[in-house]
Every structure is written in structure tokens, then in C-alpha cells.
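Novice: could you look at this predicted model? Sequence included:
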Amino acid sequence: MNNSRSQLRIGVILSYINLGISFIIPFAYTPVMLRMLGQSEYGLYSLANSVINYLTLLTFGFGSTVIRYLSKYRAENNKEGVQKTFGLFLSLYSIAALLVLVVGIIISFNVEGIFHRGLTGSEISKIYILVLIMTFNTALSFPLSVFSSVITSYERYLYRKVIDMFSTVAAPIFNLIALYLGFASVGMALTSTILQFIMLPLNMGYCFKVLKIVPKFGRIAPSLLREMLGFSFYAFIGTLVDLLFWSTDRVILGMFAGSISVAIYNVGASFNSIVMNLSTSISGVLTPKITGMVVTNAGTDQLTELFIRVGRLQYLIIALVISGFTVFGQSFIYFWAGAEYADSYWIAILTLFPLCIPLIQNTGLSIVTAQNKHKFRSITYLVVAILNVISTYIVVPFMGNIGAALCSGISYILGHGVIMNLYYYRVTRINIPLFWKNIGLLSFIPGGMMIIGLILKHYYLISSVSVFLISVIVYVGIYAVLMYIFCLNDYEKSIIKGPLQKVIGVLRKRK
């Protein structure tokens, strides 16, 4: 037990270190990669990756199911159950890997028919090679993920996080070496495969030699298999929705607008991932607490209070990021990615503002999941995602990547902003009007600063990186002071004052 807690504590620390590395490396690596790779090659690489992402559907949402049942049997000291579950999912994922190879090869031989309107002949030849390499890479990752799930279920957080950190650091280094040697996008695809070849024996060896767990292949009771499939279904729907939102836009752009449009769109959409990580880092740790509150029949007032409290904390960070990006985003993209990615700013703007709605309300997902009411949410998002795909297919030939971003933004407002807010209000009984009243009161300062910043930027151009950095620091400082004085409640102020008082106390003791 003590070892498990120690592993958990170290795992949490390493998670934050890995999160920091995940933020820092892209800012340093991406501009170098973009310039070495070139806009067209980057677009092709992103497009091939988006196409291959659909093959992950062949896991059928089993990812969380593996960990759930392995953890269950381990808690019951049922070693045979662990081994049989290990064997079952290793078999299923191996079959899925073969399906990936077959489907991926079929797709690669049909890329000309899919992308002939958007890509040139040489680009079609290149994406054919990329799809083949990425297909093999994805197939290899399927059985690897089972070994990773075993390690996670045994709470070996230290090993997992060290491996994750190794991947985070090694991937860009390998990519830059491949680019330096002149292998372009094909080299980047190959380095991912090399990393998989390194990871698979490491994880296999850890399971067999350290954990002493080997898969046992045998018959599984049909009732248990049905239970596992039922548990996986909504995870599968969630994966499908994510793909329809985040990958289909790029595929449609590749079909009609070309590789350069895909590259510009990908850079703009990358800011969504940054903001999403900031939001979920706050709400993710609260899922066990929310589940406990629901189990103990917490009242709607308590759930509303938690919904608003977490939403406010998330909004304080997201409002700073989005308002700051609105003011400084064009300059940042110019210095970071280059002038040829100028339209990425508008793609980010059109998706970031609507995305703000689900990000400050993702506590609602934990609540409806704990109440076992997530079926409606899953179906709603699937329908909205399909509408997004249809509208994007219609609009892209006329409006290009801006049209794709606009369709995604409208879909988010419809699904998350309208339908789910009505559901939270009428079914979950969360006081949504009170929530938006709180958000409205918090919006005056970022809204005012954003307007003033845009006006000042119109008259005073940011001409250098040093001026840009100073401007951003001043903006953050003013935002922090004004929000602390005029908007933060006592709870939010205590979150800031508590750590500061500890630091001051440590410094005084040293004196």
C-alpha cells in the first residue's frame, strides 16, 4: 500500500513535469520543424495523420475497458482473471492490428481517388507512402497499448511517466534528425515507427519480468464479454465524435483545398489542444469527488455550487489565454510559424471562442457520467459532429479552411452551448442561469482589456520578439491585478494567497 501511494505521488509529480515539457517542447520544436519541413510537406504529414486516425476506431473503445477489468481482478487478487483479461485483449488488439493493416493498405491504394481534386500528382505519391508507414505504425501501437494498460492497472506510475517523458522528448529529437538528413515528412513517419519498436519490447519486458504477468488465452464467459462491450460502447462513441471534429476537417480540406490549407488549418487548430489541456488539468482531478457526491445523493444546490466554482477557476485561466491570444495571436503566429501561416489566427479565433463553452463546463461531463445519464450527451455530440462534417463538406469548396473552422465553431455553439446547457438545466437541475451570470461578471475585465489591446495594437505595431514578450508580460500582469481586486471571491483569493504565504514563510525562516 505504501509503495502504491509512493508510486502515485511520484507519478503525479512526473505528470506535471511531463505536462510542462509537453507545453515547452512544441513552442521550441514546432517553428524549427515547420521551416525545415515546408508548408506543403507539413500539410501532407498532417493530412496523412488525420486519415490514419480513423483506424483507431478499430479499438472499439476498449482502452478504458482494459484498465477497468484488469484493476478489478487485481483488487480481488484474482491472478487468473488478470491473465485471462490480458490474453483476451491482447488477442482482440492483435486482430484489430491485422484489420488496421488491411484497411490502411486499402486506403493507401485509393488516395488518388480521394484527394485528386486537392493534391498534385507528386503529393499523392508522397501521401501514399505516408499512409502505408503510418498504417504499420498504428498496427504496431495496438498490442503495445495492452501492455501499457497492464502497467497502469498495476499502478506503476513511475515507470509509465518516465516512459511518457522519454517519448515526449525523443519524438521531436528523432524528427529533427530525420529532417536534417533530408527525409522530410517520410522521415518523421519513420521515426514514429522506430519509437514504437523501442517501446514494445520495453513494456513487454516490464510486464513479463518485473510484474510477472503473462497473458492466458482461453474462453471468456459470454455474459462478461457482453458487459465489457457495453462498457466500451460510449467510449467508442466519444472517440468517433473526436475524430469527426478534429480529423475530418483536415481530410475534407485535403480533398478540396490542398496540402497548404491543411497545414494552415493544423497550426490554427493546435491552439485548441493547449487550451483544452489547461482546462482539463483543473477538472480532471475532481472526477472522484463528483462521483462520491452523486453516490451520496448530494443535492442539486451542492452540484451547482461545484459546477460554478470549477467553471469560474477554468474561466479565469481560459479568459486570459483567449483574450491574450486575440490581442497578440497574429504577432505570435508571425514570429513562431511565419507569415505564410497568417490565416491560422482566424482559424484559432473561430474555434477557440466556441470551444470555451465546453471547457468551462466539463465538470458537467463528470456529473452526468456519475449519474449514468451520459447516453444523451454522447448521442447529441455524435449528431452534432455528423452535421459538422456535412456542413464542412458543403462549405470548404467555397470558403476553404476558414469555412471549416466556422462550421466547427457553430457546431460547438449548437451542441455544447445550446443543447447541453438546456439538458444541464432541465434534467441535471444545475442552475445554468446562475452559472452564466457568474461568467458574465468575470468577463468585463478580459473583454475590456481585449478591446483596448486591439485598439492599441492598431496604432502601435509589435515589431520585434522583445516588444512582443514585454507586451504579453504587461498584459498578464494587468489582468492578474484587476481580476484579483475586482472579480475574485474569497475562495479564489485563498488559492493564490495560500501558496504565497508558504513561500514568504520559507524565505523568512532562511533569513
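Specialist: Looks like it came in fine.

Novice: list the contacts for F183?
Specialist: Neighbouring residues of F183 by C-beta atoms under 8 Å, 6 or more residues apart in numbering: L190. (Glycine included, C-beta is placed from N, CA and C.)

Novice: and the gap between it and L190?
Specialist: F183 sits 7 Å away from L190 when distances are taken as C-beta to C-beta, to the nearest Å.

Novice: do the same with L488
Specialist: With distances defined as C-beta to C-beta, the gap from L488 to L190 amounts to 50 Å.

Novice: next one: I495
Specialist: Computed as C-beta to C-beta, the I495 to L190 distance reads 46 Å.

Novice: who has more neighbours out of these two?
Specialist: Ranked by neighbour count (other C-beta atoms under 10 Å), I495 and L190 place L190 first, with 20 against 11.

Novice: pretty sure the more buried one sits against A178.
Specialist: Yes. L190 sits in contact with A178 when judged by C-beta atoms under 8 Å, with a separation of 6.8 Å.

Novice: what helix or strand is S167 located in?
Specialist: Here S167 is covered by helix 157-180, with elements defined by DSSP states H and E.

Novice: show the subsequent helix or strand relative to that helix.
Specialist: That would be, after helix 157-180 and using DSSP H and E, helix 184-205.

Novice: could you give the mean pLDDT of that following helix?
Specialist: Looking at helix 184-205 alone, the average pLDDT works out to 87.

Novice: list the buried residues of it.
Specialist: The neighbour-count check on helix 184-205 (16 or more other C-beta atoms under 10 Å) flags 184-193, 195-196, 199-200, 203 as buried.

Novice: which one among these gets closest to I67?
Specialist: Taking C-beta to C-beta as the measure, I67 lies nearest N203 of the buried residues of helix 184-205, at 14.3 Å.

Novice: from M33, how far out is the closest one?
Specialist: 27 Å.

Novice: same thing with I194?
Specialist: Relative to M33, I194 is positioned 17 Å away (criterion: C-beta to C-beta).

Novice: hey, where'd the strands end up in this structure?
Specialist: Taking DSSP state E, the chain contains no strands at all.

Novice: average pLDDT for the helix ranked longest in the chain?
Specialist: The residue-count maximum for a helix in the chain (DSSP state H) belongs to helix 374-412. Averaged across helix 374-412, pLDDT comes to 90.

Novice: could you list every helix and strand in contact with that helix?
Specialist: Packed against helix 374-412, as judged by 3 or more C-beta pairs under 8 Å, 6 or more residues apart in numbering; DSSP states H and E, are the following elements: helix 222-246, helix 248-256, helix 259-283, helix 344-359, helix 363-370, helix 420-426.

Novice: what pLDDT does the model give the residue nearest in space to the middle of the chain?
Specialist: With distances taken as C-alpha atoms, centre = their mean, the residue of the chain nearest its centroid is S273 (5.2 Å). S273 is assigned 80 on the pLDDT scale.

Novice: before we move on, what about K212?
Specialist: At K212 the predicted local confidence, pLDDT, stands at 83.

Novice: just to revisit the earlier point, go through the helices and strands packed on helix 374-412 and name the closest to G20.
Specialist: Nearest of the helices and strands packed on helix 374-412 to G20, taken as C-beta to C-beta: helix 259-283 at 10.9 Å.
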